[in-house]
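**Q** what shape does this take:
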Amino acid sequence: MFGSIFSILLLIAAADAAGIGVTYGRRATSLPPPVDVARFLARDTIVDRVRLLNADPLALRAFASTGLAVDMTVPNALVPRLADSVAFTRQWVRTRVAPHAAAGTNVSRILVGREVISQANRTLLLALVPAMQNLHAALVAVSLDNRIQVSTAHSLGVLDALTTSPSAGRFREGYDAAVIKPLLGFLRATGAPFMVNAYPFYGLTDDTPLDFALFRVGATGVMDTGSGLLYTNALDAQLDAVHSAMDRMGFGDVDVVVAETGWPWAGEDWETGVGADLAGDYNRNAIRHLGSGVGTPLRPNRTFEVSIFSLFDEDLKPGPLSQRHFGLFHADMTPVYDAGILTAPEYVGPVSSKVTPAAAASVPVPAPDATAAVSGGRRWCVPAPAADAAVLQENIDFVCDQGDIDCSAIRLGGSCYEPDTLQAHAAYAMNLYFRSNGDHEFDCEFGHTGVVTTADPSKDFFLFF
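**A** Reported below is the predicted structural model:
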């Protein structure tokens, strides 16, 4: 008992020193409503920050008055539009950011895109810094620049493939001068951090053993022959490779934040290192280490803000099983394993690291009716009869700004462009969002302008649903 309490006290001290966050993704079929999530995080955990992977107004509203800092994310698809138009960017800030800040949501950062520099998309690359500049200017225009920073999160793919040790860290050739140098200049000028997604799990090799990734090496460590510095864990090595790259460009004074790190608790039979015990060890040790004030060998005597990926499993994600099992909590907010972030730790029994696909979970559903039987049990999200036209247009804009949702069918010439009415286009977009996110009731909320129906809306809107 004493050991558990002492461990929690250490983690609370780390939270006070550096900040502990969680990444809140929602690509799953069974999730609690955002308002319940916000209440749980504020009341029952030691986290003080949440990172949203989009700019969903429902989630932003949910965190109002919780005191938690919120990082919201601009989808990649929207980045070129923000770069191209000052007027559009100012409107986006006035309608998507300022109202939430005024209503009590502690919006702390706007993150522009997700791992943009790793996308190898020239249009996106060249738009990144101009979009960030336009967003900052728009925040200045509404007097929010002192409250809200603008940054972007990077994978370790921003580093050159020849980065074989921390001291050899350098940014990818061709991107360094054209994109990264002006990006770092912007961050320095505005006081925002360079944010990196660092995953020792994905670096597991014969040269990077499991114990080194899990902070289990101890005093022996691994020597960086280029610098003479001793490394006792892989996360420090990854962060110092970034520090070295920044030092080479003359931006060693810009802070580094760990925007994402985590460990999967389950995976495929062939995936090395997955497991609930290992995930618990990694996340607890990462939080404790980054908040301890020890720093890294190249940046000693400092703390690092860190956000753990992810709050819940996301079963709608593609890829190997591990991609869908980074969750800290089940949908009922009970812990998958002890990550050390609950204010009142719970006992968590053994958890299998291999997940067998099972029948759908027992999620409450409406009682079947005749209409549902005719529709084959399907449900649709459509505009409420009295929904305001301006709000419906906002709904369309929000959905179609998502990087992973394709609204081309309701664009001019698209298969569902006709009938060319606001209600029909809104019905298509809102239902697309509803289906893409797992058919949750709350994903059809849209500020009380959406309703879930079992009646096929194509009869009313002549759309292909």
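**Q** use CA for all of it now, contacts and neighbours both
**A** Fine.
**Q** quick one: residue 150 is in a strand?
**A** Yes. Read with DSSP: H, G, I helix; E, B strand; the rest coil, residue 150 is one of the residues of a strand.
**Q** partners of it in the sheet?
**A** Following DSSP bridges, residue 150 is listed with bridge partners residue 110.
**Q** with the one 4 residues further on instead?
**A** Residues found in beta-bridge contact with residue 154 (criterion: DSSP bridges) are residue 196.
**Q** wait, it touches residue 183, no?
**A** No. In terms of CA atoms under 8 Å, residue 154 does not count as a neighbour of residue 183; the distance is 11.7 Å.
**Q** run through the strands of the protein in chain order.
**A** Secondary structure of the chain (DSSP state E): strands located at 20-24, 49-52, 69-74, 106-114, 149-155, 194-197, 222-224, 229-231, 256-261, 306-308, 380-383, 450-453.
**Q** of those strands, which approaches residue 425 most closely?
**A** The closest of those to residue 425 is strand 380-383. By CA to CA, the value is 9.9 Å.
**Q** partners of that closest one in the sheet?
**A** Every partner of strand 380-383, by DSSP bridges, with its direction: strand 450-453 (antiparallel).
**Q** what residues of the partner strand count as buried?
**A** Neighbour counts using 16 or more other CA atoms under 10 Å place 450-452 of strand 450-453 among the buried residues.
**Q** can you list contacts of that strand?
**A** Residues outside strand 450-453 that contact it (CA atoms under 8 Å, 6 or more residues apart in numbering) are 379-384, 387, 430, 441, 444-445.
**Q** neighbours of residue 147, just the number please.
**A** Under the neighbour criterion other CA atoms under 10 Å, residue 147 is assigned a count of 12.
**Q** again, but for residue 253
**A** Here the neighbour count serves as a burial measure; for residue 253 (other CA under 10 Å) it reads 11.
**Q** same check on residue 394?
**A** Residue neighbour count, defined by other CA under 10 Å, stands at 15 for residue 394.
**Q** swap in the one 5 residues further on?
**A** The number of residues packed around residue 399, counting by other CA under 10 Å, is 21.
**Q** is it true that it touches residue 393?
**A** No. Counting by CA under 8 Å, residue 399 sits too far from residue 393 to count as a contact (10.0 Å).
**Q** who are the neighbours in contact with residue 321?
**A** Shown in contact with residue 321 (CA under 8 Å, 6+ apart): 266-268.
**Q** cool, and residue 282?
**A** Residue 282 sits next to 213-215, 262-263 when contact means CA under 8 Å, 6+ apart.
**Q** and of the contacts of strand 450-453, the nearest to residue 60?
**A** Using CA to CA, residue 445 comes nearest to residue 60 of the contacts of strand 450-453, at 13.1 Å.
**Q** for the closest residue to the closest one other than its chain neighbours, give its distance to residue 443.
**A** Leaving out its chain neighbours, the residue that sits closest to residue 445 by CA to CA, 6 or more residues apart in numbering is residue 451, at 7.0 Å. For residue 451, the distance to residue 443 under the criterion CA to CA, to the nearest Å works out to 10 Å.
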